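J.: Okay, sequence plus prediction incoming.
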Amino acid sequence: MFKPSAQTATWPLVHRLFREAIRPYLGRIMLALAFMAIAAACQGLTAWLMEPVVDDVFTHGDQTKLWWVAGAVLATFFTKGSAEFAQAALMNHVGLRTIADLQCRLFAHLMTLDVPFFNVTSPGSLVSRFMVDISMMRQAIASAITGIGKDTLSVIALVGVMFYQDWILALASFIVFPIAIYPISRLGKRMRKVTVNTQEQLGTLNMVLEQSFHGNRMVKSFAMEDYETAKVRTLTERIYHLTQKAAITRALSSPVMETLGGVAVAVVIIYGGYRVISHETTAGAFFSFITALMMAYRPLKALANLNTTLQEGLAGAQRLFVLLDRRAAIVEKPDAVTLENCRGDVAFDHVAFHYVPETPALENVSIAIPQGKTVALVGPSGAGKTTILNLIPRFFDVTGGAVRIDGHDVRDLSFASLRAAIAFVSQDIVLFDDTVRANIAFGRPGASEREIEDAARHAGAFDFIQALPEGFETPVGQRGMNLSGGQRQRIAIARAILKDAPILLLDEATSALDTESERHVQGALEHLMKNRTTVVIAHRLSTIVNADIIYVINDGTIVEQGSHRELLAKGRYYAGVYHQQFSRQGESDAMAAPITPPIAPTS
Ligand SMILES: Nc1ncnc2c1ncn2[C@@H]1O[C@H](COP(=O)(O)OP(=O)(O)OP(=O)(O)O)[C@@H](O)[C@H]1O
């Protein structure tokens, strides 16, 4: 799990948010601000109009003014409503576009990150960046701009009216507001802390939910429903407390602002009332003043709340930027070579590798696989077979020596050309929740109908696909759950056949398939391996026997190599495994039986 960095200062975050998310929409924002200015001016006008209402209409009984003022009020309200509509439409557009841009940018960036990153980052926490953090940012961006624009402009207009009517009174009433700044900023800081915690917990909840749903069969078979429920309950409780704390923090700005507002109005009534009584000002001017003050109160309160909303959004931005700043360790060189017309010669040249420093996973591994040949890797669990496979497409980078394809160090090649030359069929088949056709065509989106069907035919999958309710258009379900294990494997093989890459990496499935499925899969694999350089983690004896060269791996090193016959003749580890597991079985059984060699002692 990665943690947000220390990049927490408000202004750098706001600045970056502006630069990266808001600036492209500056034109629309300026337009929205113009509408906000119109709306704000209308507010000021409304307050100002109270003076002629009271002084001319009520006090002096001027009937003409009555119609004139009523008309002006109507026009002011209409203009204000229209301007508010225009600014809301524009700001919504900006907010929604920013969120869509950020989501796309984040996804595209995540796609550039490497396998080690995805190994340590839970999908749930990544999903919560898209759903929770970005939507909080949208809210913050929209409220910040509207707040800063509309509310600030309204306050300026109304305060202008107040100063116009009675500047001494205006000064007196505004003395109280700076006092509000300290508690409000304290609340904002607290809000940000609570929000960061809440978002982290939401990420964990996402992860737990995903794992429980995904591993639902496991949960059921181990009767762990209560355990999982308790885990989710603890998390939701934690989130409840944090959200509650956030709501209270947000609401706390109300009593602060209400009290200060009350103080301001009371001061104005006492001092202003005294001035009207002593004829230093008119009742109309006083009424206009107090209307402006009351009207200014709402935008002022919104501005006070704005800090908390802004802090929530900044918490989201902070987490998002940490992710956007994350750089893959495995990157393409700026002058990467494009691998053209790949022959498929693969070589490991004294390769060393570790996942964790000081704990070597591979040491001094040298393997040569000439074009079109098949190399089988056998060895006990944890020996390093999958690690060897993962180094070829650069899912990880070697820590010593080199992996070469057609003589090029894989680190010198462009990702696109390197990975285009490799087809990978892993043990845990990944099917997407889409149709059979889309799953086969994954990796070659432009493939023709004919090519897809041929691939399915060669993978021994055509007949069962045709028998599915909607044939090639049948949805495979979540992770291919609508298909059997053998069917999933054949779809994955068809996908690799369609890709038609010169190098095939194959992690043979150990899951027990029935003999019928096994035969189908076996046939499909044989077709797939034909004329390709194949590196296979072999579990079936037939694969091993037919391999051009077998490498026995143990503890991250090659302990034996040679053909099946040569290794049998040597009479060492491989021969021991073979005799232990297969010699007692008839050859036909043995061809399909999985091979799981015991740990071979390194001499
Ligand atoms: N992502 C990882 N982080 C840390 N260590 C790892 C990681 N993946 C594998 N290892 C360790 O590296 C060693 C080799 O693992 P690898 O998966 O290559 O073995 P394997 O021979 O393919 O085993 P199996 O036949 O069980 O799949 C093991 O000790 C394993 O614990």
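T.: Nice, I can see it. Residues are numbered from 1 along each chain as shown.
J.: tell me the phi and psi of residue 349?
T.: phi -120, psi 100 (degrees, to the nearest 10).
J.: if I look at it, how far off is residue 367?
T.: For residue 349, the distance to residue 367 equals 9 Å [C-beta to C-beta, to the nearest Å]. To be clear about C-beta, it is placed using only N, CA and C from the backbone, and glycine gets the same treatment.
J.: what about the two, which has more around it?
T.: A direct count of neighbours by other C-beta atoms under 10 Å for residue 349 and residue 367 places residue 367 higher, at 19 against 15.
J.: Let's verify that one: helix, strand, or coil?
T.: Classification of residue 367 using DSSP: H, G, I helix; E, B strand; the rest coil returns strand.
J.: Please determine how far it is located from residue 330.
T.: Residue 367 is 21 Å from residue 330, by C-beta to C-beta.
J.: what do you get for residue 30?
T.: On the measure of C-beta to C-beta, residue 30 and residue 330 end up 43 Å apart.
J.: neighbour count winner among those two?
T.: Legend: neighbour count by other C-beta under 10 Å for residue 30 and residue 330, higher for residue 330 (15 against 11).
J.: Setting aside sequence neighbours, what's the nearest residue to the more buried one?
T.: Nearest residue to residue 330, sequence neighbours excluded (C-beta to C-beta, 6 or more residues apart in numbering): residue 114, at 4.2 Å.
J.: The one you found: how many residues sit nearby?
T.: 16.
J.: For it, give me phi and psi.
T.: According to degrees, to the nearest 10, residue 114 has phi -100, psi 170.
J.: ok, it to the ligand distance?
T.: The gap separating residue 114 from the ligand is 12 Å, by C-beta to the nearest ligand atom, to the nearest Å.
J.: how about that residue, what does it touch?
T.: Going by C-beta atoms under 8 Å, 6 or more residues apart in numbering, residue 114 touches 328-331, 395.
J.: just the buried members of those?
T.: residue 395 (16 or more other C-beta atoms under 10 Å).
J.: and the contacts of residue 114, which two are the farthest apart?
T.: Farthest pair in the contacts of residue 114 (C-beta to C-beta) is 331 and 395. Separation: 13.3 Å.
J.: and residue 390, what pLDDT?
T.: On pLDDT, residue 390 comes in at 92.
J.: Give me the spatial nearest neighbour of it, chain neighbours excluded.
T.: residue 396 (5.4 Å).
J.: What does the pLDDT read for the one residue sitting closest to the centre of the chain?
T.: The residue lying closest to the centre of the chain (C-alpha atoms, centre = their mean) is residue 126, at 3.8 Å. Looking at residue 126, its pLDDT reads 86.
J.: swap in residue 45?
T.: Reported pLDDT for residue 45: 90.
J.: what helix or strand is it on?
T.: Under the criterion of DSSP states H and E, residue 45 resides in helix 26-52.
J.: Against which helices or strands is the helix or strand following that helix packed?
T.: Heading C-terminal from helix 26-52, the first helix or strand you meet, by DSSP H and E, is helix 63-112. With contacts defined as 3 or more C-beta pairs under 8 Å, 6 or more residues apart in numbering; DSSP states H and E, helix 63-112 has these neighbours: helix 26-52, helix 134-146, helix 283-325.
J.: Quick check: buried residues in the helix or strand following helix 63-112?
T.: Once the chain leaves helix 63-112, the next helix or strand it forms, by DSSP H and E, is helix 115-120. Buried residues in helix 115-120, counted by 16+ other C-beta under 10 Å: residue 117.
J.: Next, give phi and psi for residue 126.
T.: phi -70, psi -40.
J.: Name the helix or strand of the protein that has the lowest mean pLDDT.
T.: helix 587-592 (a mean of 43; mean pLDDT, DSSP states H and E).
J.: The longest helix along the chain - what's its average pLDDT?
T.: Criterion DSSP state H: the longest helix present in the chain is helix 225-277. The average of the pLDDT scores along helix 225-277 is 84.
J.: Just give me how far it sits from the chain centre.
T.: 32 Å (C-alpha atoms, centre = their mean, to the nearest Å).
J.: just checking, what packs against that helix?
T.: helix 167-174, helix 177-214, helix 283-325.
J.: so which of those helices gets nearest residue 508?
T.: Closest among the helices and strands packed on helix 225-277, using C-beta to C-beta: helix 177-214, at 23.9 Å.
J.: now that closest one against helix 283-325, angle please.
T.: Helix 177-214 runs at 40 degrees relative to helix 283-325, counting by axes from the mean of the first three to the mean of the last three C-alpha atoms, to 10 degrees.
J.: Of all the residues in helix 177-214, which ones are buried?
T.: Under 16+ other C-beta under 10 Å, the buried positions of helix 177-214 are 177, 180, 183-184, 187-188, 190-209, 211-212.
J.: tell me the contacts of residue 324?
T.: 105-106, 109.
J.: Closest one to the ligand out of those, please.
T.: The shortest approach to the ligand among the contacts of residue 324 belongs to residue 109, at 21.9 Å (C-beta to the nearest ligand atom).
J.: for that closest one, what are its contacts?
T.: Per C-beta under 8 Å, 6+ apart, neighbours of residue 109: 323-324, 326.
J.: how about the residues you listed in CSV, adding distance to residue 456 and pLDDT?
T.: What follows is the contacts of residue 109, written out as CSV (distance: C-beta to C-beta, whole Å; pLDDT from 0 to 100):
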residue, distance to residue 456, pLDDT
323, 39, 89
324, 40, 90
326, 39, 90
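J.: can I get those in a markdown table with distance to the ligand?
T.: Formatted as a markdown table, these follow (distance: C-beta to the nearest ligand atom, whole Å):
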| residue | distance to the ligand |
| --- | --- |
| 323 | 20 |
| 324 | 24 |
| 326 | 18 |
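J.: Next, count neighbours for residue 282.
T.: 16.
J.: The helix holding residue 45: which residues count as buried?
T.: 29, 32-33, 35-52.
J.: Up against the ligand, what does the stretch 351-500 of the chain have?
T.: 355-356, 361, 379, 381-387 (C-beta under 6 Å from any ligand atom).
J.: so of these, which ones are in helices?
T.: Per DSSP H, those map to helices at 385-387.
J.: Output those residues in a markdown table, with neighbour count and pLDDT appended to each entry.
T.: Shown next, in a markdown table, are those (neighbours: other C-beta atoms under 10 Å; pLDDT from 0 to 100):
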| residue | neighbour count | pLDDT |
| --- | --- | --- |
| 385 | 21 | 92 |
| 386 | 18 | 92 |
| 387 | 20 | 94 |
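J.: What residues sit buried inside stretch 120-139?
T.: 121-122, 124-130, 132-134, 136-139.
J.: quick revisit: what separates the nearest residue to the residue nearest to the centre of the chain once chain neighbours are set aside from residue 383, distance-wise?
T.: Sequence neighbours aside, residue 110 is the residue nearest to residue 126 in space, at 6.7 Å (criterion: C-beta to C-beta, 6+ apart). Between residue 110 and residue 383 the computed distance is 32 Å (C-beta to C-beta).
J.: The two - which one has more neighbours?
T.: residue 383 (25 against 17).
J.: so where's the stretch 101-250 of the chain uncertain?
T.: The model of the stretch 101-250 of the chain has pLDDT under 70 over residues 176-181.
J.: In it, which residue sits nearest the ligand?
T.: residue 119 (4.9 Å).
J.: Now do the SS call for residue 332.
T.: coil.
J.: Contacts only, for it.
T.: 414-415.
J.: ok so, going back, between the helices and strands packed on helix 225-277, which one is closest to residue 75.
T.: helix 283-325 (17.6 Å).
J.: secondary structure element for the closest residue to residue 432 other than its chain neighbours?
T.: Using C-beta to C-beta, 6+ apart and skipping residues adjacent in sequence, the residue nearest residue 432 is residue 439, 6.1 Å away. According to DSSP H and E, residue 439 maps onto helix 436-441.
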